[in-house]
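Chemist: only geometry, no sequence info:
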């Protein structure tokens, strides 16, 4: 059991109930028709310099399977005489622009735009990175329709160089961990300021964009909430805290039962294999739980993900039993305000 210290956090917000996927359908974020035609990933995925096609996908796909990649990399169809990408990048659903970073050197994402899709039961974000340029009208607060031009595909990046031959769109889809990110950031004593507010990549936790598109296209899911609900569970962890994290304020639909007028003492949280906290169960004093504020306990786990997953584990293998990984502790500190 691990003990962490916490800060007070917020309260619940009303639930949004409409479903964008049913009304609008997903728009592929580039002009490339290969995905819509059912072609193999070689027809649209941009690999790293390794040339390994899977390195452009989501998951443990880099450095021999030991480095995590949060998004999906898509290559351009059109280039100018110098070899620079010319493809536009499109919003995958209607939404509201919440962040625009126009200075390439301010993030490893380079120039990037974040759009929140608030018409969903769970209002998720989409992120478009490594852009060559962003139209002047794309500003925080602007509402955009599905298919709106977000920017031009490129190879911008901070701290490293993407060659012309590997210009691409990096697409992410997921949720924001906390509304109190700056407090967490300040504690880390980073050498550079947080220029991206709540939409710093360190505050975001994603799902596999390609799988989301595939499951939506096949009709297996009809909303982002439906997609998250069907994701596998790597582990269930109990966190002793009487606070309601801002994550639940923003994504109330992820609770398995409503908050009641009883003394809240803990949360049971189900994590996906790569750390998205997909299901939250409030636990109460009258249920007979024993633990102190800040305690963290593993309730159950899927051995497959502990033994076979090579990066970004929720739990680390142990001689007797798995333990909560440093990655998960880092996530819990953001979620609950633990020191």
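Modeler: It's in. Predicted model, so just to flag it, every value in this text is computed and none were measured.
Chemist: if I look at residue 139, how far off is residue 201?
Modeler: In this view, residue 139 and residue 201 are 20 Å apart by Cβ to Cβ, to the nearest Å. From N, CA and C alone the C-beta is placed, and that goes for glycine too.
Chemist: who's more crowded, those two?
Modeler: Shown here are residue 139 and residue 201; by other Cβ atoms under 10 Å, residue 201 has more neighbours (17 against 11).
Chemist: Flag the shaky bits of the stretch 51-200 of the chain, pLDDT-wise.
Modeler: Residue ranges of the stretch 51-200 of the chain with pLDDT under 70: none are present.
Chemist: Now the residue nearest to the spatial centre of the chain: which helix or strand?
Modeler: Closest to where the C-alpha atoms of the chain average out (Cα atoms, centre = their mean) is residue 206, at 2.0 Å. Per DSSP states H and E: residue 206 is located in strand 204-207.
Chemist: where's that strand relative to the chain centroid, distance-wise?
Modeler: On the basis of Cα atoms, centre = their mean, to the nearest Å, strand 204-207 is displaced by 1 Å from the centre of the chain it belongs to.
Chemist: List of residues touching that strand?
Modeler: Where contact means Cβ atoms under 8 Å, 6 or more residues apart in numbering, the residues beyond strand 204-207 that reach it are 58, 70-71, 125, 127, 172-177, 227-228, 231, 272, 274-277, 331.
Chemist: please redo it, this time with the cut-off set to 6 Å
Modeler: 70, 172-175, 177, 275-276 (Cβ atoms under 6 Å, 6 or more residues apart in numbering).
Chemist: do the same with stretch 279-288
Modeler: 248, 254-256, 259, 262-270, 289.
Chemist: and the two most separated of the residues you listed?
Modeler: The two members of the contacts of stretch 279-288 with the most space between them (Cβ to Cβ) are 263 and 270, at 22.7 Å.
Chemist: With neighbour numbers in mind, choose between these two.
Modeler: Applying other Cβ under 10 Å to residue 263 and residue 270 shows that residue 270 carries more neighbours, namely 22 against 10.
Chemist: Does the more buried one belong to a helix, a strand or coil?
Modeler: Three-state assignment for residue 270 (DSSP: H, G, I helix; E, B strand; the rest coil): strand.
Chemist: contacting residues for residue 240?
Modeler: Going by Cβ under 6 Å, 6+ apart, residue 240 touches 266, 291, 293, 295.
Chemist: The same query, at a cut-off of 8 Å, please.
Modeler: Residues in contact with residue 240 (Cβ under 8 Å, 6+ apart) are 265-266, 289, 291-297.
Chemist: got the contact list for stretch 183-192?
Modeler: Here stretch 183-192 makes contact (Cβ under 8 Å, 6+ apart) with 7, 178, 194, 200, 202, 333-334, 337, 339.
Chemist: quick one: it to chain centroid distance?
Modeler: 20 Å.
Chemist: What are the phi and psi values at residue 136?
Modeler: Residue 136 adopts backbone torsions of phi -60, psi -30, taken as degrees, to the nearest 10.
Chemist: separation between it and residue 278?
Modeler: Residue 136 is 38 Å from residue 278, by Cβ to Cβ.
Chemist: Could you do residue 233 as well?
Modeler: Residue 233 is 7 Å from residue 278, by Cβ to Cβ.
Chemist: all helices of the protein, in order?
Modeler: Under the criterion DSSP state H, the chain contains helices at 20-24, 181-188, 209-218, 224-230, 246-250, 303-308, 326-336.
Chemist: between those, which one is nearest to residue 167?
Modeler: For the helices of the chain, the distance to residue 167 is smallest for helix 209-218, at 18.3 Å, taking Cβ to Cβ.
Chemist: what residues does the closest one touch?
Modeler: In contact with helix 209-218 (Cβ under 8 Å, 6+ apart) are residues 21, 25-26, 28, 35, 41, 57-58, 71-72, 171-173, 221-222, 224, 227, 230.
Chemist: now, which of those residues lie within strands?
Modeler: Judged by DSSP state E, the contacts of helix 209-218 include 72, 171-173 as members of strands.
Chemist: which among those end up buried?
Modeler: Buried by 16 or more other Cβ atoms under 10 Å: 72, 171-173, out of the ones in strands among the contacts of helix 209-218.
Chemist: Take those residues and write them to TSV, including distance to residue 99.
Modeler: TSV is the format used below for these (distance: Cβ to Cβ, whole Å):
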residue	distance to residue 99
72	19
171	15
172	12
173	15
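Chemist: Could you measure from the residue lying farthest from the centre of the chain over to residue 164?
Modeler: The outermost residue of the chain relative to its centre, with distances by Cα atoms, centre = their mean, is residue 81 at 35.7 Å. Separation of residue 81 from residue 164 (Cβ to Cβ): 11 Å.
Chemist: before we move on, back to that, drop anything exposed from the contacts of helix 209-218.
Modeler: 21, 26, 28, 35, 41, 57-58, 71-72, 171-173, 221, 224, 227.
Chemist: residue boundaries of the strands in the stretch 1-150 of the chain?
Modeler: Secondary structure of the stretch 1-150 of the chain (DSSP state E, counting those that start in this stretch): strands at 2-3, 59-62, 67-69, 72-74, 88-90, 95-101, 111-117, 124-131, 143-144, 149-152.
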